[in-house]
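Visitor: Structure, please.
(2 chains)
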Amino acid sequence: MKNEIKKYRIVDLMEENLTNGSKNIVTRETGRIIREAIEVKIQKEQEEMIIILDFSGIGIIDFSCADEVAAKFIARLNLKEYGDKYLLFSGLTPSQEENITAALEKKKLSLLSLKEDGGWKLMGILNPYLKDTLDLVMERKSLTARELADLTGVEINSASTKLLNLNKVRLAIRMREALPNGGRQFVYRSLISSS
Amino acid sequence: MKNRICCPKILDESTFENLINQLDKIGVDFGMPVTIDLSKAQFIDPYGILGLLEIGRYLSERDLSLSLILPHSEEVIKYMERLDFFKIASELFSLDLDDAWPQEPFFRSPHSDVLLETRKIEGTDDIHNLVEDVRQRAETILTSHLKYDANAIDSFVVALSEVCQNIPEHSEDIGYVGIQKYFYGKKLGKNIVKIAVMDLGVGIRESLTPKYAPSVKNWSDLEAINLALFKGASRFDDPGRGQGLTQVRKLVERWKGKLMIRSGTARSGIIPPWEISRPKRSSLKDFPGTQISIILPEKFS
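Guide: Numbers count the residues shown, from 1 in each chain, chains lettered A, B, ... in the order given. Next up is the predicted model:
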């Protein structure tokens, strides 16, 4: 089963919520207005939805805005303040990427950005052992703790913890699946395969 | 005796102290009109222009009536006009422009090296407007003279946004910004762009005092500037706050530029290898608010 996906265009949110007609997300006040507009929308979405924040057509994002729109938002997303939702960024310029990365690093957060060629990029800070796990999830599209344990030679408990922690930072989707023998297991899926 | 503040021949970040130091003598004849004498000025950059405006505001807020003696140099007058000095100064000074104003009519050149005329910063919309304008004009100066690519222009504008938004965010005052391109022939052999940003607000030390004064030994303006510039200090507890100046410093360092912040009785910043200057000074004459000077050179290959 695939997760439902919605794309929010930041350009549209700016038109709806700002009166100055600007295409640049500058100043903390602007960042707060845009973040709050996203929060209102995302809270109305169904659980387990993947939201893509699309920055196409946006000029610059300064550090203060990056902190509001990316870092502060992701910190709350990880605490499930908006429910069980997932997030991807798309359409970022190199300058926007640089400033958002700086804001994420300051708070030791991370997120996935979609690239134009269909690839992905991890932005911010992620513990190296989780980064290795993320790479495997992204490569294989989905992974169980048993599969991760077999692939990496770690105990299944350790593999399970790694995948759970990846889900806690909203970088992998956790889904409960029924087994043929009547049991259940958790499958961790890549945000990209679902998007 | 008439209160008179005399402008040095060169008015920029390096000589601004000269003007501030003269404010002491104003106190002696408090209540008398003050004249700011620019007659000997031969060069004024955006920092000097903003400094004059802030000194004008400083004196106006003390209920002193002000007048201005224009520079003898027509070129300096024309430059001040190009930077919209007189438009803003007319709210602060008694200006009699007839006597010294150039006889020949002059027009603003479309090829002027002014990237941004003096702008008043009061709120968020002012920053949006200046960001839009600088991005639109970037092609002329930042691309052709400074050799900045699209990514570098974006970084430049982000830095500008960050230093300017400190005014509505922290200063509890209004402020000004101005930007100009120059050619640093002798010193650098390259084009440079000068950004000046000033306010007369609470200053960095007062902004940080509630959070840092109890725990910092010898709490002072210099300590406060250094904490804000080098440690990302902020009056807020959120670790995402206070990153603006730190990120601007990193950009200036990466581009081998100069950044100097004056606030209260101290100044501190970063000095590139091509500049000879003291990076830190304390025990200066107290002056309210925060005054920032940024010099960014043409890209080093």
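Visitor: Run through the residues of chain A sitting next to chain B.
Guide: For chain A, the residues in contact with chain B (C-beta under 8 Å from any C-beta of the partner chain) are A:20, A:22, A:24, A:26-30, A:59-64, A:67-68, A:71-72, A:93-96, A:98-99, A:102-103, A:106-107. Yep, even glycine has a C-beta here, placed from its N, CA and C like the rest.
Visitor: Can you flag the buried ones in these?
Guide: A:22, A:24, A:26-30, A:59-64, A:67-68, A:71-72, A:93, A:95-96, A:98-99, A:102-103, A:106-107 (16 or more other C-beta atoms under 10 Å in any protein chain shown).
Visitor: returning to what we had before: which of the residues of chain A next to chain B fall in strands?
Guide: Residues of those located in strands (DSSP state E): none.
Visitor: Okay, and which of those residues map to helices?
Guide: A:28-30, A:63-64, A:94-96, A:98-99, A:102-103, A:106 (DSSP state H).
Visitor: Can you lay out these as JSON lines showing pLDDT?
Guide: Listed next are these as JSON lines, based on pLDDT from 0 to 100:
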{"residue": "A:28", "pLDDT": "94"}
{"residue": "A:29", "pLDDT": "93"}
{"residue": "A:30", "pLDDT": "95"}
{"residue": "A:63", "pLDDT": "94"}
{"residue": "A:64", "pLDDT": "94"}
{"residue": "A:94", "pLDDT": "94"}
{"residue": "A:95", "pLDDT": "93"}
{"residue": "A:96", "pLDDT": "96"}
{"residue": "A:98", "pLDDT": "94"}
{"residue": "A:99", "pLDDT": "95"}
{"residue": "A:102", "pLDDT": "94"}
{"residue": "A:103", "pLDDT": "95"}
{"residue": "A:106", "pLDDT": "93"}
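Visitor: which residues touch residue B:120?
Guide: Neighbouring residues of residue B:120 by C-beta atoms under 8 Å, 6 or more residues apart in numbering or on different chains: B:88, B:126, B:174-176.
Visitor: What pLDDT is listed against it?
Guide: At residue B:120, the pLDDT value in this model is 95.
Visitor: Any idea what it is bridged to?
Guide: Using DSSP bridges, the beta-bridge partners of residue B:120 come out as residue B:176.
Visitor: can you tell me how far it sits from residue B:289?
Guide: Look at residue B:120 and residue B:289: by C-beta to C-beta, to the nearest Å, they are 14 Å apart.
Visitor: Can you say which two of the ones in helices among the residues of chain A next to chain B are spatially most distant?
Guide: A:29 and A:94 (25.3 Å; C-beta to C-beta).
Visitor: Name the nearest residue to residue 167, sequence neighbours excluded.
Guide: Looking at chain A here, since you left the chain open. residue A:174 (4.2 Å; C-beta to C-beta, 6 or more residues apart in numbering or on different chains).
Visitor: My question was about chain B, not that one.
Guide: residue B:175 is the one closest to residue B:167 (C-beta to C-beta, 6+ apart), at 3.9 Å.
Visitor: so who does the one you found touch?
Guide: Contact analysis of residue B:175 by C-beta under 8 Å, 6+ apart lists B:120-121, B:164, B:167, B:197-201, B:289.
Visitor: As a check, name the ranges of all strands in the chain.
Guide: This is for chain A. Using DSSP E, strands in chain A cover A:5-9, A:50-54, A:86-90, A:110-114, A:120-124, A:142-144, A:172-178, A:184-190.
Visitor: Not quite, go with chain B.
Guide: B:3-6, B:10-11, B:34-37, B:43-44, B:66-69, B:114-121, B:175-184, B:190-199, B:258-264, B:266-270, B:280-281, B:287-297.
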